[in-house]
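In: What would the 3D arrangement of this be:
(2 chains)
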Amino acid sequence: EDQVTQSPEALRLQEGESSSLNCSYTVSGLRGLFWYRQDPGKGPEFLFTLYSAGEEKEKERLKATLTKKESFLHITAPKPEDSATYLCAVQAGGATNKLIFGTGTLLAVQP
Amino acid sequence: GAVVSQHPSRVICKSGTSVKIECRSLDFQATTMFWYRQFPKQSLMLMATSNEGSKATYEQGVEKDKFLINHASLTLSTLTVTSAHPEDSSFYICSARDVRDAYGYTFGSGTRLTVV
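Out: Numbers count the residues shown, from 1 in each chain, chains lettered A, B, ... in the order given. Got it, this is the predicted structure:
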């Protein structure tokens, strides 16, 4: 069964304190792994798509990496505005285009 | 970038009435759109996949007659919650796949449904 697990469930950081969020997955034929940011009461905002092991992508203070079993979202020198829930999702192989989401990591960055 | 517009953002309805939620892709065509439901502090649960010009595909446990989905054009999908009850109160989110693939799956801003 295709599954996505994110850890930790919640993370509290001081401003400037770098850390990483984890997304472990088991899918039959990964077609893509997606990272989203979600603010309270809003829809998810697209961050990155990763397609193959070894791939890395960066955007401002965020960097996403991918292996055959997991993905990391590295946050360097976070700011309070980075506080949000970060969601990981995978698109499995086969005919379907649907995404399978993890439960998310709630990040709080304190000034 | 790809933009998906979802309306209304909030709706309150009486128990037993029906509510329609619209999802539009503004600057791209989407042959497939997705409808999710999200409970407080939980992740997104896929309800159904909406295909333009054909019947929607519902996930296991989602009532087809309760949640009516119509995808009449390449830019519009609607979700109608029929005979709503308080337990249908939730945050509903749609998404569409941009075939250009540059932005992955784009999500709407969500609809907060409260049934009283």
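In: Can you tell me the element the residue in chain A that chain B sits nearest to falls in?
Out: Among the residues of chain A, residue A:43 lies closest to chain B, at 3.8 Å counting by C-beta to the nearest C-beta. Every residue, glycine included, has its C-beta placed from N, CA and C. For residue A:43, there is no enclosing helix or strand under DSSP states H and E.
In: Tell me which residues touch it, please.
Out: Neighbouring residues of residue A:43 by C-beta atoms under 8 Å, 6 or more residues apart in numbering or on different chains: B:4, B:6, B:93, B:95, B:107, B:108, B:109, B:110.
In: cool, and residue A:25?
Out: Residue A:25 is in contact with A:2, A:3, A:4, A:5, A:33, A:69, A:70, A:71, A:88, A:90, counting by C-beta under 8 Å, 6+ apart.
In: repeat for residue B:43
Out: By C-beta under 8 Å, 6+ apart, the residues touching residue B:43 are A:87, A:101, A:102, A:103, A:104.
In: could you redo the last one with a cut-off of 10 Å?
Out: Under the criterion of C-beta atoms under 10 Å, 6 or more residues apart in numbering or on different chains, the contact partners of residue B:43 comprise A:4, A:6, A:38, A:44, A:85, A:87-89, A:100-104, B:36.
In: do the same with residue B:45
Out: Under the criterion of C-beta under 10 Å, 6+ apart, the contact list for residue B:45 reads A:101, B:35, B:36, B:37, B:38, B:39, B:59, B:61, B:62, B:90, B:93.
In: how does it look with 7 Å?
Out: Contact criterion C-beta atoms under 7 Å, 6 or more residues apart in numbering or on different chains gives B:36, B:37, B:38 as the residues in contact with residue B:45.
In: So what are the sheet partners of the strand or helix carrying it and their directions?
Out: Here residue B:45 is covered by strand B:44-51, with elements defined by DSSP H and E. The sheet places strand B:44-51 alongside strand B:32-38 (antiparallel), strand B:57-58 (antiparallel), with pairing taken from DSSP bridges.
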